[in-house]
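**Q** Here is my input, please return the structure:
(chains A and B)
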Amino acid sequence: MTVVAQQREQLRSVIREAIAAAQASGELTLNDVPEIGLEVPRETDHGDFASNIALVTAKSAKKPPREVAQIIVGHLSEEGFIEKVEIAGPGFINFFLSNEWLYNTLRVIETQGLQYGNSQYGQGEKILLEFVSANPVGPMNVVNARAAAVGDTLARLFRAVGYTVGTEFYVNDAGNQADVFARSLEARYQQLSNPDYPFPDDGYPGDYVAELAAVLQNEQPDLLELPLEERLAFCKRWGTDQMVEMQKADLKNYGVEFDLWFRERDLHAAGALEDVIGYLRERGYLFEAEDALWFKSTAFGDDKDRVIVKSDGSYTYVTADIAYHHDKLKRGYTKLIDIWGPDHHGYIGRMVAAIQALGYAEDTLEVLILQYVALLRDGQQVKMSKRAGEFITMQDLVDEVGKDAARFFFLNRSPESHLDFDLDLAVEQSSENPVFYVQYAHARIASILRQAGEMGVSIPTTGQVDLGLLQHDSEIALLKQLAALPEEILMAAVQREPHRLTRYALDLASLFHSFYAHCHILGERPELRDARLSLVQGVQTVLKKVLFTLGVDAPEQM
RNA sequence: GCGCCUGUAGCUCAGGGGAUAGAGCAUCGGACUUCUAAUCCGAGUGCCGCAGGUUCGAUUCCUGCCAGGCGCGCCA
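**A** Numbers count the residues shown, from 1 in each chain, chains lettered A, B, ... in the order given. Got it, this is the predicted structure:
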């Protein structure tokens, strides 16, 4: 249990006893006592913890909230850890506690290190997180970059709260787009020896296809001797493999590594589509109409039924995707989370239907939809056009602003919000740039610890110092923020809201910079100096932990 | 037409059934013989899109409307 949770439980039982005593004395008559809410107020004036119990129970007590609060407070037992109790506003009971629990936070951080903030909340559940899954026919875009940042940090959050997590990138290397890509590549190859060779109307125009063709010619100079069909098959396999390797490298450079790159073609090769069709047929969810085979997804709330096998005998995209999700479930995952772009939201209904048709609960599949990203330069939206070749790829973005800024900016917004990405701000090396602001806090602490070493001051453990010397407002505020980390991590994971963490990091950095301006460390008398060194070390550990979870570097100096 | 997302300070965005709605930027004014001034301190700013409803209490929940973005294929 976390320090905050422990403190909350302790207070809760004191309140519960007070209510019981008040009831016994006849001053309070409640039909039932609800769960006692205790929040950590934003305003320090409102104490360490505040309860709205009097507001909630006022109705059943048939008394005004403030009067209920007065009665409860009157029956609170004397406790050493409670310094002051106030009734405020419409009837809140505010508790001011002694600082001991805050000092204890520092001891816990020291013991747990980078494990601090972790929990066992998700134990027993296996989550499969699928994200990015960009087609292996071209470079990744900025929405892919957003998905990569959000997915990767969610995976780190899930692991932190005890889930078993697998991350996967689904490679659509068997569909129409892969065929178009193969024809494009083949045409570029032909053009190397015959510049007039026609390029397909629907082909991919990017230069990368021609560059790839040159590599291919080097590796396979005799390719044109193969019959057309074999040649295209080779281009498809080899070309998509090349693209996957590029995507892998780009993502690694971005701090994202997947547990598994799942190939659609492997599903086809293993007969998984036929298998899942057979399975759905047995269960009575398929029917034939208009020369095609349909999945009766409307039986599970989808808008319309979906074609599974087209009239020409080929499969649709959804067929392979159903087989893929079936495969995930057969591998023992209890929860599937997919992160998709905004253009796929209409796809949710059919996939959720498919999951149910396969015999799983509706909420087994959860789909997170990201919204679009607009890039701003000089305050103007950067216009992108694939056709005109004006297109900023994920790699362009990372080259321009760096991995840390890119990830932090994407994670700094709630995932379902449209995002304006300010390219000028992202490269700015000042406090205006939030990622620098946070990293600087970490580097500043590293610098203090380095200088302490140079001065011959050894870094103390919490057991060697008098933490009670930490009394300054800025020190108390820092300690409270450190104590809040475990609940922040849990909430960010449970609500799938990684932006809570960037916010937390910014707040912590801000509190540290303020502390730094108000409190000196190395020049102080040894007792105070050591207590502050302990504090600063705790802050550094937590900053490192949060930055790691965001996938952002924690520099020792800047 | 139906569906999803968004609408909060000049700008970019948090928040969320309750206490005086927050942060950064921008604007203005201060602080460096002192551990990194890549920092800190102080000041002003709000029909929380509009209209109803539920509630002791709504910016938050519900309904309708308005505005912006996106989606509704035997494409992926």
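
**Q** Look at the nearest residue to A:Leu260 once chain neighbours are set aside and tell me its secondary structure.
**A** Spatially, and ignoring its direct neighbours in sequence, A:Leu260 is nearest to A:Glu168 (4.7 Å; Cβ to Cβ, 6 or more residues apart in numbering). For glycine as for every other residue, the C-beta is placed from the backbone atoms N, C-alpha and C. Assigned with DSSP: H, G, I helix; E, B strand; the rest coil, A:Glu168 falls in the strand class.

**Q** What of A:Glu110?
**A** helix.

**Q** Same question for A:Gly255.
**A** Per three-state DSSP, the secondary structure class of A:Gly255 is coil.

**Q** Report the separation between it and A:Asp404.
**A** 9 Å (Cβ to Cβ, to the nearest Å).

**Q** And A:Tyr121, by the same measure?
**A** 28 Å.

**Q** what does A:His345 give?
**A** 30 Å.

**Q** For the two, indicate the residue with more neighbours.
**A** Each of A:His345 and A:Asp404 has its neighbours counted (other Cβ atoms under 10 Å); A:Asp404 has more, 22 against 13.

**Q** For my notes, confirm the more buried one occurs in a strand.
**A** No. Counting by three-state DSSP, A:Asp404 is not part of a strand but helix.

**Q** Quick one: name whatever helix or strand follows the helix or strand of chain A with the lowest mean pLDDT.
**A** When the helices and strands of chain A are scored by mean pLDDT, DSSP states H and E, strand A:380-381 comes last with a mean of 79. Past strand A:380-381, further along toward the C-terminus, the next helix or strand under DSSP states H and E is helix A:394-401.

**Q** Can I get that next one as CSV, trimmed to CA atoms?
**A** These are the backbone C-alpha positions of helix A:394-401, laid out as CSV (Å, rounded to 0.1, in the frame of the first residue of the first chain):
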residue,chain,number,x,y,z
MET,A,394,7.7,10.6,-38.4
GLN,A,395,11.4,10.4,-39.1
ASP,A,396,11.5,14.0,-40.4
LEU,A,397,9.8,15.1,-37.2
VAL,A,398,12.3,13.2,-34.9
ASP,A,399,15.2,14.6,-37.0
GLU,A,400,13.9,18.1,-36.5
VAL,A,401,12.9,18.2,-32.9
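
**Q** Give the buried residues for that helix.
**A** Neighbour-count burial for helix A:394-401, counted by 16 or more other Cβ atoms under 10 Å, picks out A:Met394, A:Gln395, A:Leu397, A:Val398, A:Val401.

**Q** tell me how far the ends of stretch A:284-301 are from each other?
**A** Stretch A:284-301 has an end-to-end distance of 16 Å (Cα to Cα, to the nearest Å).

**Q** Just the mean pLDDT for that stretch, thanks.
**A** Stretch A:284-301 shows a mean pLDDT of 93.

**Q** do stretch A:176-185 as well
**A** 94.

**Q** Quick check: residues of the stretch 51-200 of chain A near RNA strand B?
**A** A:52, A:55-56, A:58-59, A:65, A:88-90, A:92, A:94, A:135, A:172, A:175-177 (Cβ under 7 Å from any atom of the strand).

**Q** Please disregard the earlier target; I meant the stretch 251-400 of chain A.
**A** So the stretch 251-400 of chain A meets RNA strand B at A:289-292, A:303, A:306-307, A:310-312, A:316-318, A:342-347, A:369, A:371-372 (Cβ under 7 Å from any atom of the strand).

**Q** Low-confidence regions, the stretch 101-250 of chain A specifically.
**A** With pLDDT under 70 as the threshold, the stretch 101-250 of chain A has no low-confidence stretch at all.

**Q** Tell me which residue of it lies closest to RNA strand B.
**A** A:Gly175 (3.1 Å; Cβ to the nearest atom of the strand).

**Q** Can you give me every residue that contacts that residue?
**A** A:Gly175 sits next to A:Asn135, A:Glu264, A:Tyr317, A:Ala320 when contact means Cβ atoms under 8 Å, 6 or more residues apart in numbering.

**Q** go on, A:Gln242?
**A** A:Leu212, A:Val215.

**Q** Just the element for it, please.
**A** Applying DSSP H and E, one finds A:Gln242 within helix A:228-253.

**Q** What parts of the stretch 451-558 of chain A come near RNA strand B?
**A** A:451, A:497, A:499-500, A:503, A:506, A:510, A:513-514, A:516-523, A:557-558.

**Q** what's the neighbour count on A:Asp338?
**A** Count around A:Asp338 with other Cβ under 10 Å applied: 24.

**Q** go on, A:Ala484?
**A** Other residues close to A:Ala484 by other Cβ under 10 Å number 20.

**Q** Quick check, it in contact with A:Val4.
**A** Yes. Counting by Cβ atoms under 8 Å, A:Ala484 touches A:Val4, with 6.8 Å between them.

**Q** overlap in contacts of these two?
**A** A:Val40.

**Q** which of the contacts of A:Gly175 are buried?
**A** A:Asn135, A:Glu264, A:Ala320.

**Q** Identify, from those, the entry nearest to A:Leu467.
**A** The shortest approach to A:Leu467 among the buried ones among the contacts of A:Gly175 belongs to A:Asn135, at 55.5 Å (Cβ to Cβ).

**Q** Narrow the contacts of A:Gly175 to those in helices?
**A** The helices, defined by DSSP state H, take in A:Glu264, A:Tyr317, A:Ala320 from the contacts of A:Gly175.

**Q** ok, so of those, who is nearest A:Thr541?
**A** A:Glu264 (42.9 Å).

**Q** those helices in the stretch 1-150 of chain A, which residues are they?
**A** For the stretch 1-150 of chain A, the helices defined by DSSP state H, counting those that start in this stretch occupy A:3-24, A:53-61, A:65-74, A:100-112, A:142-160.

**Q** Just the buried positions in the third one, please.
**A** Put plainly, it is helix A:65-74. So, applying 16+ other Cβ under 10 Å, buried residues of helix A:65-74: A:Pro65, A:Arg66, A:Glu67, A:Val68, A:Ala69, A:Gln70, A:Ile71, A:Ile72, A:Val73.

**Q** would a markdown table of the buried ones among the contacts of A:Gly175 with distance to A:Pro434 be doable?
**A** Below are the buried ones among the contacts of A:Gly175 laid out as a markdown table (distance: Cβ to Cβ, whole Å):
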| residue | distance to A:Pro434 |
| --- | --- |
| A:Asn135 | 32 |
| A:Glu264 | 39 |
| A:Ala320 | 41 |
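
**Q** so what are the domain limits for chain A?
**A** Listed by automatic domain parsing, the domain ranges of chain A are A:3-98, A:430-550.

**Q** Out of those domains, which gets the lowest mean score?
**A** domain A:3-98 (a mean of 89).

**Q** How confident was the prediction at A:Arg387?
**A** 60.

**Q** Then the one 4 residues further on?
**A** At A:Phe391, the predicted lDDT confidence score is 79.

**Q** ok, so what distance separates the closest residue to it other than its chain neighbours from RNA strand B?
**A** Residue nearest to A:Phe391 in three dimensions, not counting chain neighbours: A:Met384, with 5.2 Å by Cβ to Cβ, 6+ apart. According to Cβ to the nearest atom of the strand, to the nearest Å, A:Met384 and RNA strand B sit 11 Å apart.

**Q** ok, back up a step: okay, the helices of the stretch 1-150 of chain A, which one's buried deepest?
**A** helix A:142-160 (a mean of 25; mean count of other Cβ atoms under 10 Å).

**Q** what is the orientation angle of it with helix A:228-253?
**A** 60 degrees (axes from the mean of the first three to the mean of the last three Cα atoms, to 10 degrees).

**Q** if we can go back for a sec, can I get the buried residues of helix A:65-74 in a markdown table with distance to A:Leu550?
**A** Formatted as a markdown table, the buried residues of helix A:65-74 follow (distance: Cβ to Cβ, whole Å):
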| residue | distance to A:Leu550 |
| --- | --- |
| A:Pro65 | 41 |
| A:Arg66 | 43 |
| A:Glu67 | 47 |
| A:Val68 | 43 |
| A:Ala69 | 41 |
| A:Gln70 | 46 |
| A:Ile71 | 47 |
| A:Ile72 | 42 |
| A:Val73 | 42 |
